[in-house]
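Participant: Sequence and predicted structure below; questions after.
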Amino acid sequence: MGIAKIDYILCTGCRICVDRCPMDVLRIDSETGKAFVKYLRDCQGCFLCERECPESAITVMPFFEKRIPPAWTILPDVK
């Protein structure tokens, strides 16, 4: 459950999602000026960011999914 995707092409960096998030999950990247998810584990899936985004750039998933960051992927033993 939580933010599944932010479309960086649609995002204008208006900060509405950052201001509306009750859990303080989102931030604005200082280099790109676009929103990004800073604290994914804190996202409660309330849909406020998705609903309030004027560009419809945010997608929130209403179901739980197991997310494994690529850096944590376990590679098979190669001998």
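Facilitator: Nice, I can see it.
Participant: Work out for me the element residue 59 sits within.
Facilitator: According to DSSP states H and E, residue 59 maps onto strand 58-61.
Participant: mind listing what's buried in that strand?
Facilitator: Neighbour counts using 16 or more other CB atoms under 10 Å place 58, 60 of strand 58-61 among the buried residues. Heads up, the C-betas are built off the backbone N, CA and C, glycines and all.
Participant: Convert the C-alpha atoms of it to PDB, please.
Facilitator: This file holds the C-alpha atoms of strand 58-61, laid out as PDB (Å, rounded to 0.1, in the frame of the first residue of the first chain):
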ATOM      1  CA  ILE A  58       1.000  10.400  -8.700                       C
ATOM      2  CA  THR A  59      -0.400   6.900  -8.500                       C
ATOM      3  CA  VAL A  60      -1.200   5.300  -5.100                       C
ATOM      4  CA  MET A  61      -1.800   1.500  -4.800                       C
END
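Participant: from the middle of its chain, how far away would it be?
Facilitator: 8 Å (CA atoms, centre = their mean, to the nearest Å).
Participant: Then stretch 24-36?
Facilitator: Centroid separation for stretch 24-36 versus its chain: 10 Å, with CA atoms, centre = their mean.
Participant: ok, and what's touching that stretch?
Facilitator: When contacts are defined by CB atoms under 8 Å, 6 or more residues apart in numbering, stretch 24-36 is touched by residues 3, 6, 8, 11, 13, 15, 17-18, 37-40, 42-43, 49, 57-58.
Participant: Now, the residues you listed that are in strands?
Facilitator: 3, 6, 37, 58 (DSSP state E).
Participant: Drop anything exposed from those residues.
Facilitator: 3, 6, 37, 58.
Participant: about what we covered before: now, of the contacts of stretch 24-36, which are buried?
Facilitator: 3, 6, 11, 13, 17, 18, 37, 43, 49, 57, 58.
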